[in-house]
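[1] quick one, fold the following:
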Amino acid sequence: MFPNSTSQEALKRANELREMVAGHVFSLGGSVVKLTASFGVASYLHHGNTREGWVSAADAALCKAKNDGRNRVEAFTESLQIQETVPASLP
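    Numbers count the residues shown, from 1 in each chain. Predicted structure coming up:
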């Protein structure tokens, strides 16, 4: 979350984070581990007028980033499908 940022600023910062993760060498139990990260970016009130809608939009963008090859940053666009969550039925 990047409060008080434009969509372009949020995309830039998410991409900087992605590059930092990809460029860092992690050590796990004496082994070197390389990681990558994908991010989905959506603007509150522009892509969702509720917290749930905003998170769903960011999640749709994240799914696109992962499906398109991972280690990416994707912005939400209206063409992306938002997965509706259906509450689990109670026993």
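
[2] so how far is Gly69 from Phe26?
    21 Å (C-beta to C-beta, to the nearest Å). (Each C-beta comes from the backbone N, C-alpha and C, glycine too.)

[3] can you check Arg18 too?
    Taken as C-beta to C-beta, the span from Arg18 to Gly69 is 12 Å.

[4] neighbour-wise, which of the two wins?
    Arg18 (18 against 9; other C-beta atoms under 10 Å).

[5] return the residues in contact with Phe2.
    Glu9, Ala10, Arg13, Ala14 (C-beta atoms under 8 Å, 6 or more residues apart in numbering).

[6] counting neighbours, which of those end up buried?
    Ala10, Ala14 (16 or more other C-beta atoms under 10 Å).

[7] so which of the contacts of Phe2 belong to helices?
    Glu9, Ala10, Arg13, Ala14 (DSSP state H).

[8] ok, these vs Ala37, which is closest?
    Ala14 (9.0 Å; C-beta to C-beta).

[9] you'd agree that closest one is up against Val41?
    Yes - between Ala14 and Val41 there is a contact under C-beta atoms under 8 Å: 5.5 Å.

[10] between these two, what contacts are shared?
    With C-beta under 8 Å, 6+ apart, Ala14 and Val41 have common neighbours Val73.
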